[in-house]
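Q: sequence first, then the predicted structure:
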Amino acid sequence: MGLQGARILIADDESTITDILTQVFSHKGAEIFVAHNGKDAFHLAMLNDPHCVLMDLRMPGMNGFESITSLRMVMKTQPILVVSAYTDPENVRKAKAAGADAVVGKPFNTNELVRMVESLLDPASSQSDS
């Protein structure tokens, strides 16, 4: 699956980040759902069954670690990509232990982020491209 028609949940408390990511992924044909905290991210995931989740770690209420843990109870295979300014080794370890598939630091390069999401959505095609 590519980005065309993909359902992507973006969870970040910074509206600047959600606006940028919404614009980038919508332009590629994805359907976007936005949450500004972990609790809303969980509820949106239950309602919309996203193909991929982009999750910040530090958000009010339920943080990214807690949200990833909750999402993994019901979303066994959909990729979860952490996009956070807090990518020190301990946070990366905790995010992956919670169930994140990959971690990207802020600030991020949008083209690289798009390629990463594409490879998470379709790992077979990214392996054949290399």
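A: Everything's here; your move.

Q: okay, now residue 14: neighbour count?
A: Applying other C-beta atoms under 10 Å, we find 14 residues neighbouring residue 14. For every residue, glycine as well, the C-beta is placed using N, CA and C.

Q: just residue 102 next, same as before
A: The criterion is other C-beta under 10 Å. On that basis, residue 102 has 16 neighbouring residues.

Q: and for residue 63?
A: Burial of residue 63 is recorded as 17 neighbouring residues (other C-beta under 10 Å).

Q: how about the nearest residue to it, chain neighbours excluded?
A: Excluding its sequence neighbours, the residue lying closest to residue 63 (C-beta to C-beta, 6 or more residues apart in numbering) is residue 38, at 5.7 Å.

Q: contacts only, for that neighbour.
A: Contact analysis of residue 38 by C-beta atoms under 8 Å, 6 or more residues apart in numbering lists 11, 55, 59, 61-64, 66-67, 70.

Q: now the helices for this protein?
A: All helices of the chain, identified by DSSP state H, fall at 15-27, 38-48, 64-74, 89-98, 110-121, 123-129.

Q: partner residues bridging the residue nearest in space to the middle of the chain?
A: What sits nearest the mean C-alpha location of the chain, by C-alpha atoms, centre = their mean, is residue 54, with 1.3 Å. For residue 54, the beta-bridge partners are residue 10, residue 81 (DSSP bridges).

Q: next, residue 13: phi, psi?
A: phi -80, psi -10 (degrees, to the nearest 10).

Q: picking that back up, of the helices of the chain, which is nearest residue 80?
A: Among the helices of the chain, helix 64-74 comes nearest to residue 80, with 5.6 Å by C-beta to C-beta.

Q: got the contact list for residue 116?
A: Per C-beta under 8 Å, 6+ apart, neighbours of residue 116: 81, 102, 104.

Q: that one and residue 4, how far apart?
A: According to C-beta to C-beta, to the nearest Å, residue 116 and residue 4 sit 17 Å apart.

Q: again with residue 66
A: Residue 66 is 32 Å from residue 4, by C-beta to C-beta.
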